[in-house]
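**Q** Just the structure for this:
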Amino acid sequence: MYIRKKTAKYKDKTYERYVLVETVMTEKGPRQKTICDLGDLKARPAGEWLALVRKIEGALVGQDELLPESVEDKEIIDKAKMAFAARGQSVTEPPSAPQKNEGPVIAVLPDKVSVKEVRPAGHVHVGHAFWSRLGIDRVLDAAGFSDKAKWLTEVMVMNRLVHPGSELAMSDWARETALGDILGVDLATLNEDALYRNLDRIHPNRHAIETALSENEKSLFNLEDTVFFYDLTSTYFEGKALANPLAQRGYSRDKRPDCKQVVIGLAIGREGFPKGHEVFAGNMTDNKSLKPMLDALDARVGLRPGQTVVVDRGMAFDANLAEIRSRKLHYIVATRQSERDQWLDDFEENADFQGIVREPSPLNPFQKKSKVEVAFRRSGDVTYALCRSEGREEKDRAIREKHEKRFLVDLEKLKRRVEAGKLKSPEAVGEAIGRLRERYPRGARYYQINYDDATKTLRVEHDENKKNKAKLLDGTYVLKTSKSEISAEEVWRTYILLTRAESAFRSMKSPLSERPIFHHLQHRVETHIFLCVLAYHLQVAIENTLLESGVHDSWAMVRDRLLTHSVCSVSLPTPEGDALEIRKDTVPEPEHRRLYDALGVAAKIIDPIKKWVSAKLGF
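**A** Purely as a prediction, here's the structure:
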């Protein structure tokens, strides 16, 4: 049945009426038959018509509504009943051909129907689908994992992907989702001891798992191992971490110099998939990490002559570039500031710069389109790309001015301390000036500070020429590469993909909650980070699949939207006192289906599980 609007004209005026129509089969095929006139439904939204039809159909076959009907609905239902009675058709018969039953028909007490054990399922359903798609269970099989170890590992990775927490909180989280239904395991007795033991089981197999997973992804997503992007980050500890020799104080990218930390190196491919990672001591410097990372990549994915390694300026030392070349690899790197300054004349001339538009990332709705100007230079066997970015120019200027302002405020405080006699010896004043320069290197470089011991005052000279030179270089940077057959634009477009490594670190630190680390043993810290890397493998696979389908949603957005697709238990009590319990997934909403279709994931989460519960057991 359905509702149809009919219009008629009389004396230049259009009249509308709504009728209830039934599709019936005839010798000539399906035909529509009007059952009755429903009157004026204009006040009712068209979206409610389907619900009204369902009420009419239910009433015609003798089903009572769980909720009381409105007076208007009751009048319409009575019209339909009278129309069927006038046709000589019983109102307790279906109005059209009966549907074939797919199972036994039972009498149910509708007032006692209940729904319980509702568990969010959509997000872990997608995570599990991609776990299977990447073949991680097969990888774990090859590493000798038992069935229990495999699902324990999946639970731990899903926790990092969906709702990161400590191992102490992980078991409670798993029970609060439909993960047990999806995996077909009972998580009621899962505890942190089993999870800690599984951490220890994973640790010696990390590198083998990473290597095999990279091979699977290369085949599944048609990836090329021609370019590797390498970057570093740090993550800090809560506590003293005395049992972990890697826990050291160093340069903190988390702005937590008060905490011990470890440094993490991550290499990714052009499409963003991780290729290898290493955990270094917290005091490891950028430039010293490159050689061990290249050794690790060679052991796991195999480095071949002609491949390109892209690194940031923190590793742009001659020794590192020589190390890359010694392996018959190419490099693309941002030069250090001192080397950039050598190209000041070329930036001033502004000749032969080519404009390039940088499109915003489809996964970052806040990023704006920007323009970059690039010029090509060749010096010896090195190709240089001179870059000027309008967005970066504003950022550089703001940072420089902020540092200079803070420097001048603290410099004035230092002058007052010296004049008040609180710092008397030249050595003490020199140390204070050194600390000030160390704190504000960007602002202090434009000022010459000298202490006059005779007058006990500071003399400050402003180097205006140096400052003007810095203004000219705002928004500029220089890239260089050992590749000769490459354009300046290609150098630039390849280098900016290094932001994918930075994005990976942001994902592992925030959505995947890599930090802070609460473990104290070295091998558990390394495994904790490895679980974050595995979760990031799934995230990249999910987001790349969405992009291929033209959907620009991030994993965080998808995760939150699928949270409402659930698995629940429906209890159908019978007059005899028993109840049929059905464990099944809810009907996916249109938004759920859109995402499932884009990801190539089935909308059905689990097959229904039916069981009878006796009245003696509580019904």
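**Q** Show me the residue at the heart of the protein, geometrically.
**A** Most central in the chain under CA atoms, centre = their mean is W555, positioned 4.0 Å from the mean C-alpha point.
**Q** residues near the closest residue to it other than its chain neighbours, how many?
**A** Setting aside the residues directly before and after it, W555 is nearest to Q539 in space (CB to CB, 6 or more residues apart in numbering), at 4.7 Å. Quick note: C-beta positions are derived from backbone N, CA and C, even for glycine. For Q539, the tally of surrounding residues (other CB atoms under 10 Å) stands at 25.
**Q** quick one: Q539 from G306, how far?
**A** Note on Q539: its distance to G306, by CB to CB, to the nearest Å, is 30 Å.
**Q** For this protein, which strand extends over the most residues?
**A** Assignment by DSSP state E gives strand 13-26 as the longest strand of the chain.
**Q** so what strands line up beside that one?
**A** Within its sheet, and counting by DSSP bridges, strand 13-26 is paired with strand 2-10 (antiparallel), strand 29-39 (antiparallel).
**Q** Quick one, which of those strands gets closest to T235.
**A** Across the strands paired with strand 13-26, T235 has its closest neighbour in strand 2-10 (59.1 Å, CB to CB).
**Q** What residues does A296 make contact with?
**A** 207, 276, 278 (CB atoms under 8 Å, 6 or more residues apart in numbering).
**Q** so what does the helix or strand in which the second one is found touch, helix or strand wise?
**A** In this case it means G276. Assigned by DSSP states H and E, G276 belongs to strand 274-281. Contact analysis of strand 274-281 by 3 or more CB pairs under 8 Å, 6 or more residues apart in numbering; DSSP states H and E lists helix 206-220, strand 261-268, helix 286-300, helix 522-548 as its packing neighbours.
**Q** Comparing those, which comes out most buried?
**A** strand 261-268 (a mean of 25; mean count of other CB atoms under 10 Å).
**Q** how much does it deviate in direction from helix 522-548?
**A** Strand 261-268 runs at 40 degrees relative to helix 522-548, counting by axes from the mean of the first three to the mean of the last three CA atoms, to 10 degrees.
**Q** So which residues lie in contact with strand 261-268, not counting its own?
**A** Contact partners of strand 261-268, identified using CB under 8 Å, 6+ apart, comprise 228-237, 244, 246-250, 252, 254, 274-282, 284, 289, 292-293, 297, 500-501, 504-505, 517, 525, 529, 533.
**Q** Just the buried ones among those, please.
**A** Buried by 16 or more other CB atoms under 10 Å: 228-237, 244, 246-248, 250, 252, 274-280, 282, 284, 289, 293, 297, 500-501, 504-505, 517, 525, 529, 533, out of the contacts of strand 261-268.
**Q** Can you pull the poorly scored residue ranges out of the stretch 201-350 of the chain?
**A** Residues of the stretch 201-350 of the chain that meet the criterion pLDDT under 70 lie in 350.
**Q** ditto for the stretch 1-150 of the chain
**A** Judged by pLDDT under 70, the stretch 1-150 of the chain has its weakly predicted residues at 1-2, 10-11, 23-32, 40-51, 53-54, 57-72, 84-104.
**Q** Which residue ranges of it form helices?
**A** Applying DSSP state H, counting those that start in this stretch to the stretch 1-150 of the chain gives helices spanning 49-60, 71-86, 122-133, 136-142, 147-162.
**Q** swap in the stretch 351-500 of the chain?
**A** 390-419, 426-439, 441-444, 464-472, 488-495, 499-509.
**Q** Among the ones you listed, which comes closest to D141?
**A** Per CB to CB, nearest to D141 of those: helix 499-509, 26.2 Å.
**Q** average pLDDT for the closest one?
**A** Average pLDDT, helix 499-509: 64.
**Q** Can you get me a residue count around the nearest residue to V19 once chain neighbours are set aside?
**A** The shortest distance from V19 to any non-neighbouring residue, by CB to CB, 6+ apart, is to T34 (5.0 Å). By other CB under 10 Å, the residues close to T34 number 12.
**Q** CA-only coordinates of stretch 175-188 in PDB, if you can.
**A** Provided in PDB are the C-alpha atoms of stretch 175-188 (Å, rounded to 0.1, in the frame of the first residue of the first chain):
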ATOM      1  CA  ARG A 175      32.900  -5.600  26.800                       C
ATOM      2  CA  GLU A 176      31.000  -2.400  26.300                       C
ATOM      3  CA  THR A 177      31.200  -2.800  22.500                       C
ATOM      4  CA  ALA A 178      30.000  -5.500  20.100                       C
ATOM      5  CA  LEU A 179      33.500  -6.700  19.500                       C
ATOM      6  CA  GLY A 180      32.800 -10.000  21.300                       C
ATOM      7  CA  ASP A 181      29.800 -10.600  19.000                       C
ATOM      8  CA  ILE A 182      31.900  -9.800  15.900                       C
ATOM      9  CA  LEU A 183      34.800 -12.000  16.900                       C
ATOM     10  CA  GLY A 184      32.500 -14.800  18.200                       C
ATOM     11  CA  VAL A 185      34.300 -14.900  21.600                       C
ATOM     12  CA  ASP A 186      33.200 -14.400  25.200                       C
ATOM     13  CA  LEU A 187      34.900 -11.300  26.600                       C
ATOM     14  CA  ALA A 188      33.200 -11.600  30.000                       C
END
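**Q** Any buried residues in that stretch, and which?
**A** Going by neighbour count (16+ other CB under 10 Å), the buried part of stretch 175-188 is 177-183, 185, 187.
**Q** returning to that earlier point: who touches the strand holding G276?
**A** The contact list for strand 274-281, computed with CB under 8 Å, 6+ apart, reads 210, 214, 225, 228, 245-246, 248, 250, 262-269, 289, 292-293, 296-297, 300-301, 504, 525-526, 529-530, 533, 536-537, 540.
**Q** and the helices and strands packed on strand 274-281 as a markdown table, adding distance to N450?
**A** Listed next are the helices and strands packed on strand 274-281 as a markdown table, based on distance: least, CB to CB, whole Å:
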| stretch | distance to N450 |
| --- | --- |
| helix 206-220 | 56 |
| strand 261-268 | 38 |
| helix 286-300 | 33 |
| helix 522-548 | 48 |
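**Q** Can you check which of these gets nearest to V108?
**A** Closest among the helices and strands packed on strand 274-281, once you apply CB to CB, is helix 522-548, at 39.9 Å.
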